[in-house]
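[1] 3D, please:
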Amino acid sequence: NATTGQLRYAADTLHPGQPAGQFFQGLNQVYSYTYHMYNLLALNNYYVYSGDLEFLLQNWYRFTFGLNYSLTSVDSTGLAFVADNATADWLRVGMGAHNIEANSILAYTLTRAMGLAYAVGDTSQNARWQSYYDNITSAANALLWDESAGLYTDNQTTTLHPQDGNSWAIISGVANSTRAATISSALHARWGPYGAPAPEAGTTVSPFISGFELQAHYIAGQPDYANALMEYMWGDFMLDDPRMTNSTFNEGYDVSGALHYPAYADDARISHAHGWSTGPLLALTNYAAGLHVLNSSTWLVQPQPGNLTSVEAGFTTAIGTFSATYSSGNGSTAYSFQTPPGTTGTVMLSGISGSLRSTNGTMVALVSGMAKNVEGGNWTLVASGGSTLGGNGGANGTYAGGNGSGPTPVPYTGAAAKTSASLLLLVAAVCALAL
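    Just a heads-up that it's a prediction; the model follows:
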């Protein structure tokens, strides 16, 4: 909306001139507070993986317009109040008021906005955005945290503890390190025989929202929880159970294991090719294998394999190729990774002593398991003293999410940017869950 900055819940039909059907006409009248921000985050993700600075610059005013539209809902509490006409979401119920999911996604979007501001050279709003982030974090912890449950409530009018909001609280940094670990354990304790429940949608198991829970467990320094959930929910049940179709892309099902999505009256409507159910791909690539792209010129390598003994992942973007291979056994650890030439990054291998060796023979020493300003290329870990990655992953129990005061944005260098890029290349990853 060029007047307000509001993004649509869904786009028009793909063919210009074709009359919109009743379905699309109805969606055009719907506003979703959360999907609005997902659209903003899509621009961030596109830029991060493409380095398409030209496209980001062209749309920067739209991004800031849309973000500032979201901020108009923040009231005197410091939290965004989701109005009755903005409650459309992923088929959960009870969205509205000072909702923890909506506020956590807003906080996360603010952190991405501050990083993008450095890329475009316009940090004029960063202090203001940081203030909003700090206020959301403070208010959410004061008004929505339930100490007895170790979880956030959905809003101030209910005792329900949602899966989506608590996962996003960790991802966004609304939860500090102590509360992140507490939430991770509390979510783990709720698991049923067929997966992680999403009580904000009745008796639903949502692979979409469970994908965010996977990230939350890694960020909280408990990768074994993430590995276990992937293995038995996506692997043992969705892939292999006779009630399923050998697809791990199931849209949703009942906590009883029945192919019934409580949000749908007709069970035949459930999708078994639901792209939003592919959370393990990102979780294994970014966290287990440790490949984090920060922007078009910088990256972070921080593997968190937990109890996995073999991980292999890789993808190619407009920036170049990222890949990593990990294996462990007999008290030793083997790890190698590739990042694009012309980029630099940080390597974090907690619990490891030794060095990194490039294919040209360059050696970089690890200091307390860390090496900074590592040039892009092919690197192999040369471990010493039989050191291995901590049993709970590369994070070794340290908190990898927000710190409650917002991120320190990574300055954009443009060293490897391809500003003419207009399309993300195919992402491919293979990760072995060898327990």
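[2] my guess is Ala371 contacts Thr362, does it?
    No: contact status for Ala371 versus Thr362: not in contact, 11.4 Å apart, counting by C-beta atoms under 8 Å. For glycine as for every other residue, the C-beta is placed from the backbone atoms N, C-alpha and C.
[3] Who has more neighbours out of those two?
    Neighbour count, other C-beta atoms under 10 Å: between Ala371 and Thr362, Ala371 has more, with 19 against 13.
[4] That one: what's it in contact with?
    Going by C-beta atoms under 8 Å, 6 or more residues apart in numbering, Ala371 touches Thr346, Val347, Leu356, Val364, Ala365.
[5] Out of those, who's the most crowded?
    Counting by other C-beta under 10 Å, top hit in those: Val347 with 25 neighbours.
[6] what's the distance between it and Ser368?
    Relative to Ser368, Val347 is positioned 12 Å away (C-beta to C-beta, to the nearest Å).
[7] Same question for Ser256.
    Noted for Ser256: a distance of 48 Å to Ser368, by C-beta to C-beta.
[8] Then Arg62?
    Taking C-beta to C-beta, one finds Arg62 at 43 Å from Ser368.
[9] Of these two, give the one with the bigger neighbour count.
    Each of Arg62 and Ser368 has its neighbours counted (other C-beta under 10 Å); Arg62 has more, 15 against 11.
[10] Name the SS class of that one, please.
    Using DSSP: H, G, I helix; E, B strand; the rest coil, the structure places Arg62 in helix.
[11] how much space between it and Ile319?
    For Arg62, the distance to Ile319 equals 23 Å [C-beta to C-beta].
[12] so where do the strands sit in the stretch 301-435 of the chain?
    According to DSSP state E, counting those that start in this stretch, the stretch 301-435 of the chain carries its strands in the segments 310-316, 321-329, 332-338, 344-348, 354-358, 363-365, 370-375, 378-383.
[13] nearest to Trp145, of those strands?
    Shortest distance between Trp145 and those, using C-beta to C-beta, is found for strand 344-348: 29.0 Å.
[14] just checking, what packs against the closest one?
    strand 298-301, strand 370-375 (3 or more C-beta pairs under 8 Å, 6 or more residues apart in numbering; DSSP states H and E).
[15] ok so, going back, so which of the strands of the stretch 301-435 of the chain is the most surrounded?
    Of all the strands of the stretch 301-435 of the chain, strand 344-348 carries the top mean neighbour count, a mean of 22, counting by mean count of other C-beta atoms under 10 Å.
[16] Could you list the paired strands of it along with their orientation?
    Its sheet considered, strand 344-348 pairs with strand 298-301 (parallel), strand 370-375 (antiparallel) by DSSP bridges.
[17] what's the angle between the last one and strand 378-383?
    Computed with axes from the mean of the first three to the mean of the last three C-alpha atoms, to 10 degrees, the direction of strand 370-375 lies at 160 degrees from that of strand 378-383.
[18] chain center to strand 370-375, what's the gap?
    Mean-position distance between strand 370-375 and its chain equals 24 Å (C-alpha atoms, centre = their mean, to the nearest Å).
[19] between that strand and strand 332-338, how many degrees?
    Using the same axes, to 10 degrees: strand 370-375 against strand 332-338 is 30 degrees.
[20] Format the CA atom coordinates belonging to strand 370-375 as CSV.
    The C-alpha trace of strand 370-375 is given here as CSV (Å, rounded to 0.1, in the frame of the first residue of the first chain):
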residue,chain,number,x,y,z
MET,A,370,38.3,-19.0,17.4
ALA,A,371,39.9,-17.4,14.3
LYS,A,372,38.9,-13.9,13.0
ASN,A,373,39.3,-12.3,9.6
VAL,A,374,39.8,-15.6,7.9
GLU,A,375,40.0,-15.2,4.1
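[21] hey, where'd the helices end up in this structure?
    Using DSSP state H, the helices of the chain run over residues 22-27, 33-50, 53-71, 100-120, 126-143, 163-172, 177-189, 207-219, 223-229, 279-282.
[22] Point out the most buried one among these.
    Most buried of the helices of the chain, by mean neighbour count (mean count of other C-beta under 10 Å): helix 163-172, with a mean of 28.
[23] Show me what that helix is packed up against.
    Packing partners of helix 163-172 (3+ C-beta pairs under 8 Å, 6+ apart): helix 100-120, strand 151-152, helix 177-189, strand 197-198, helix 207-219.
[24] Mean pLDDT for the ones you listed - can I get that in TSV?
    Below are the helices and strands packed on helix 163-172 laid out as TSV (pLDDT from 0 to 100):
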stretch	mean pLDDT
helix 100-120	97
strand 151-152	98
helix 177-189	98
strand 197-198	98
helix 207-219	98
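[25] Can you add distance to Ile170 and give the ones you listed back as TSV?
    Shown next, in TSV, are the helices and strands packed on helix 163-172 (distance: least, C-beta to C-beta, whole Å):
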stretch	distance to Ile170
helix 100-120	8
strand 151-152	10
helix 177-189	5
strand 197-198	16
helix 207-219	4
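[26] Below-threshold pLDDT in the chain: ranges please.
    For the chain, the stretches flagged by pLDDT under 70 are 2-5, 7-30, 386-388, 390-435.
[27] Okay, domains of it per the record?
    1-12+26-142, 290-391 (the TED database).
[28] between these, which gets nearest to Asp240?
    Closest among the domains of the chain, using C-beta to C-beta: domain 290-391, at 18.9 Å.
[29] if we can go back for a sec, quick one, which of the strands paired with strand 344-348 gets closest to Leu110.
    Nearest to Leu110, of all the strands paired with strand 344-348, is strand 298-301, at 20.1 Å by C-beta to C-beta.
[30] Please list the outside residues in contact with that closest one.
    290-294, 322, 324, 337, 339, 343-348, 374, 376, 410, 413.
[31] Of all the helices of the chain, which one comes closest to Arg269?
    Shortest distance between Arg269 and those, using C-beta to C-beta, is found for helix 22-27: 12.9 Å.
[32] just to revisit the earlier point, could you provide the helices of the chain in a markdown table, with additional columns for distance to Gly150?
    What follows is the helices of the chain, written out as a markdown table (distance: least, C-beta to C-beta, whole Å):
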| stretch | distance to Gly150 |
| --- | --- |
| helix 22-27 | 37 |
| helix 33-50 | 24 |
| helix 53-71 | 29 |
| helix 100-120 | 14 |
| helix 126-143 | 13 |
| helix 163-172 | 9 |
| helix 177-189 | 4 |
| helix 207-219 | 13 |
| helix 223-229 | 14 |
| helix 279-282 | 23 |
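[33] Of all those, which one comes closest to Gly385?
    Ranking the helices of the chain by proximity to Gly385 (C-beta to C-beta) places helix 223-229 first, at 23.2 Å.
[34] Summarise which helices and strands the closest one is packed against.
    helix 177-189, helix 207-219.
[35] Dump that helix to PDB, keeping only the CA atoms.
    Extracted in PDB, the C-alpha atoms of helix 223-229 (Å, rounded to 0.1, in the frame of the first residue of the first chain):
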ATOM      1  CA  PRO A 223      21.700 -29.100  19.400                       C
ATOM      2  CA  ASP A 224      21.000 -32.600  20.600                       C
ATOM      3  CA  TYR A 225      17.400 -31.600  21.100                       C
ATOM      4  CA  ALA A 226      17.200 -30.300  17.600                       C
ATOM      5  CA  ASN A 227      18.800 -33.500  16.200                       C
ATOM      6  CA  ALA A 228      16.400 -35.700  18.200                       C
ATOM      7  CA  LEU A 229      13.400 -33.800  16.900                       C
END
